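Engineer: here is my input; please provide its structure:
(2 chains)
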Amino acid sequence: MAVAQPRLPGWFQWRLPSWPWRFTWAYLVLVLFLPVAGMLLKAAGVGPQGFWEMATSPEALASYKVSFGVAALASLVNGVFGLLVAWALIRSRFRGQRLLDSLIDLPFALPTAVAGLALSFVYGPEGWLGKPLMQLFGLKVSFTVVGVGVAMVFISLPFVVRTVEPVLRSLEKEQEEAAWSLGASPMQTFFRVVLPQLMPAILGGVAQGYSRAVGEYGSVVMISSNVPFRDLITPTLIVQKLEEYDFEAATVIGSVMLIFSLISLLLINLLQVWGQRYQGSEANN
Amino acid sequence: MAFTIPPLRDIKPPRWVKPSFNFSAGNWLPALIPIVACLYVGVVILLPALAVVVQAFAKGLGVFLANFQSEELLSALKLTLIVTAIAVPCNTVFGLAAATAIARRRFRGKALLLSLIDLPFSISPVVVGLMLVLLYSPSHGLLAPVINSLGWKIIFSWPGIVLATIIVTFPFMAREVIPLLEEEGWDQEEAAKTLGATDWQVFWKVTLPSVRWAALYGLILTTARALGEFGAVSVVSGNIRAQTQTLPLFVEDAYKQYQTELAFGAAMVLGGVAIVSLLLKLLVEQLMEQDKKAARLDQEG
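Structural biologist: I've put the predicted structure just below:
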């Protein structure tokens, strides 16, 4: 990879930046920085005490519990099954593999409102799965926390599969064969040789899926009953606060979510750096 | 690096390896994995997707087509198309400009800037809508005096919907094109410039062709997301039927009003778009592969 620098780097050649550069920054300011700064400014106007009180009101705390808790469960479930699906896509050959592969991308492509509609029908009281689940196990999915979880699982499945796939493909079979020939059982080989190498990718995918699930609105709002203290997620709480013209509370809770997404962005980047270092060291040896 | 080979008797398997040569326990596992994977994806993804199709056509094609006589559905469809037609070109221009501006420069904070561009991926769409309300709302917005004196209407109107869509979808294009440009380097542009091409010519004749598939890929992703955006738009649109309601909002609203057929009809339209975008994506991926292969052959020959 040759990255030739056409001009002297540094502060010597200070001149008016190029048009794309100016346009990029103007666009970013208008579309991203201005709205973010505006909200943080509004939040700062509330004052630290008011901020804390509104951010930790019982209603808000209950919604965090649903949003962050259920999303954690959903992304853990997908951590396990995502690895399994990636494994099936890379390490085995079977009929319908192509179909499976393209189905994985569907949650990315399907508008969330459509996903919400489909899920609330399938898991509804008269739905394909909702009815048998109710009759067999007495489990009500639609309009409960379980439904919120189902929607979050749907939304966050592709992330783990798509981050694990390339790493799994690039693994060297020789290492596993070496472990086998040294007498390790398949289980030992998997847990001691394969899994550690996949871990950065799995965690990265789980983190991405988690951050998406926490912020998800469209599909969850249709399958949950949106009752506070039961299955109300934080984004829906923000919308409700806005509908009640309680702009301050909405701002504060929105800022909490913004801070969360900044932190998760940082975490995801760190995980990526970790993963690259892992792969890099592998390539050097 | 010099290293010594330990004498053979010192080489032992690691402590955790129990010598055993019985692999039969693992034989059923490789066969089981695809089955479990298919079952899981079938229940989680395929079943809901099929439900949309089945429900949309449950009462026959006639009922499905009758949905399109609904004025409200048509106006929602129209608004969605208009919003997409504005947002996608804006984001395409931004994505290409940002890629040419950022990818081949080294500057402090580049990594930070790149991850800030990713922010809309990790932020809740509702928060995006909230930000716009806090900025442009005529009663509570920070910019309310400016907006009101200009007589603009942004929130609860189409400009707000367009803005929300733009914010949610702008990273896709930049994200696809930047890594490619970083990888390819400056050489060809340099050559074109020394041969006397203007910046504009370099962009059209060298840079853009070299990233065309990635750009197309980004365009598909942007369009699919712009057509389907729900959360951010629902906060800023006001959700007035036949006026500020986009198609995804219409799906939810119709479902809430127990107009199940209308809801599934509209959902089928959006789902059809999603499937088309998936197919296009596959196609572009294949073209990309072919290009790469051709480039490799070129280098070898």
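Engineer: can you give me the strands for chain B?
Structural biologist: Chain-ordered strands for chain B, with DSSP state E as the definition, do not occur.
Engineer: closest residue of it to chain A?
Structural biologist: B:G228 (2.6 Å; CB to the nearest CB). (Glycine included, C-beta is placed from N, CA and C.)
Engineer: my read is that that residue contacts B:A274, right?
Structural biologist: Yes. Under the contact definition of CB atoms under 8 Å, B:G228 touches B:A274, with a separation of 7.1 Å.
Engineer: what residues are shared contacts of those two?
Structural biologist: With contacts defined as CB atoms under 8 Å, 6 or more residues apart in numbering or on different chains, the residues adjacent to both B:G228 and B:A274 are A:L110, A:P111, A:V114.
Engineer: what residues are up against the closest residue to A:I268 other than its chain neighbours?
Structural biologist: Nearest in space to A:I268, with sequence neighbours left out and distances taken as CB to CB, 6 or more residues apart in numbering or on different chains, is A:A207 at 5.0 Å. With CB under 8 Å, 6+ apart as the criterion, the residues that contact A:A207 are A:S75, A:S264, A:L267, A:I268, A:L271.
Engineer: ok, now with 7 Å
Structural biologist: Neighbour list for A:A207: A:S264, A:L267, A:I268, A:L271 [criterion: CB atoms under 7 Å, 6 or more residues apart in numbering or on different chains].
Engineer: check what pLDDT residue 14 gets.
Structural biologist: I went with chain A, as the question did not name one. Among the per-residue scores, A:W14 shows a pLDDT of 52.
Engineer: think we crossed wires, I meant chain B
Structural biologist: Taking B:P14 on its own, its pLDDT is 62.
Engineer: kindly report the same for A:M54.
Structural biologist: The predicted local confidence for A:M54 comes out at a pLDDT of 92.
Engineer: tell me which element it is part of?
Structural biologist: Using DSSP states H and E, A:M54 falls within helix A:48-55.
Engineer: in the chain, which residue is closest to the centre?
Structural biologist: Defaulting to chain A. Centroid-nearest residue in chain A: A:G209, 2.2 Å away (criterion: CA atoms, centre = their mean).
Engineer: I was thinking of chain B, sorry if that wasn't clear
Structural biologist: So for chain B, CA atoms, centre = their mean, it's B:L221, sitting 3.8 Å from the centre.
Engineer: isn't that residue up against B:F172?
Structural biologist: Yes. Shown here, B:L221 and B:F172 form a contact pair, counting by CB atoms under 7 Å, at 4.3 Å.
Engineer: sorry, back to before: neighbour count: B:G228 and B:A274, which is higher?
Structural biologist: More crowded of B:G228 and B:A274, by other CB atoms under 10 Å in any protein chain shown: B:G228, with 30 against 24.
Engineer: from B:S210, how far off is the more buried one?
Structural biologist: Going from B:G228 to B:S210 by CB to CB, to the nearest Å gives 30 Å.
Engineer: ok, now B:F230?
Structural biologist: From B:F230 over to B:S210 the distance is 35 Å, taken as CB to CB.
Engineer: so which strand or helix has the closest residue to A:P166 other than its chain neighbours?
Structural biologist: Spatial nearest neighbour of A:P166, excluding adjacent residues (CB to CB, 6+ apart): A:A201 at 7.8 Å. When elements are assigned from DSSP H and E, A:A201 belongs to helix A:195-215.
Engineer: how far off centre is that helix?
Structural biologist: On the basis of CA atoms, centre = their mean, to the nearest Å, the separation between the geometric centre of helix A:195-215 and that of its chain is 8 Å.
Engineer: coming back round to it: so what pLDDT did the residue nearest to A:P166 get?
Structural biologist: The per-residue confidence score, pLDDT, reads 91 for A:A201.
Engineer: whatever residue of the stretch 51-200 of chain A ends up closest to chain B and A:K140, how far apart?
Structural biologist: Using CB to the nearest CB, A:P111 is the residue of the stretch 51-200 of chain A that sits closest to chain B, at 2.6 Å. Relative to A:K140, A:P111 is positioned 26 Å away (criterion: CB to CB).
Engineer: ok, B:K281 touching B:I220?
Structural biologist: Yes. Using CB under 7 Å, B:K281 is in contact with B:I220, at 5.6 Å.
Engineer: overlap of the contact sets of those two?
Structural biologist: The contact sets of B:K281 and B:I220 do not overlap (CB under 7 Å, 6+ apart).
Engineer: low-confidence bits of the chain, can you list those?
Structural biologist: Just so you know, I chose chain A. Per-residue confidence of chain A (counting by pLDDT under 70) places the weak regions at A:1-17, A:278-285.
Engineer: can you look at chain B instead?
Structural biologist: By pLDDT under 70, the weakly predicted segments of chain B are B:1-27, B:301.
Engineer: and A:L41, what is it in contact with?
Structural biologist: Contact analysis of A:L41 by CB under 7 Å, 6+ apart lists B:L142.
Engineer: okay, and it sits in which element?
Structural biologist: Using DSSP H and E, A:L41 falls within helix A:34-46.
Engineer: pull out the buried positions in that helix.
Structural biologist: In terms of neighbour count (16 or more other CB atoms under 10 Å in any protein chain shown), helix A:34-46 has its buried residues at A:L34, A:P35, A:V36, A:G38, A:M39, A:L40, A:K42, A:A43, A:V46.
Engineer: farthest pair in the residues you listed?
Structural biologist: By the measure CB to CB, A:L34 and A:V46 form the most distant pair in those, at 19.5 Å.
Engineer: coming back round to it: now the residue nearest to A:I268: how far from A:L195?
Structural biologist: From A:A207 across to A:L195, the span is 17 Å (CB to CB).
Engineer: ok, A:A178 next?
Structural biologist: Applying CB to CB, one obtains 16 Å for the distance of A:A178 from A:L195.
Engineer: equivalent analysis for B:T222, please.
Structural biologist: Plainly put, B:T222 is 36 Å away from A:L195 if you go by CB to CB.
Engineer: of these two, which one has the most company?
Structural biologist: With neighbours defined as other CB under 10 Å, B:T222 and A:L195 compare such that B:T222 has more, 27 against 12.
Engineer: do I have it right that that one meets B:P89?
Structural biologist: No. Counting by CB under 7 Å, B:P89 is not a contact partner of B:T222; they are 9.8 Å apart.
Engineer: looking at chain B, which helix is longest?
Structural biologist: As assigned by DSSP state H, the longest helix anywhere in chain B is helix B:260-300.
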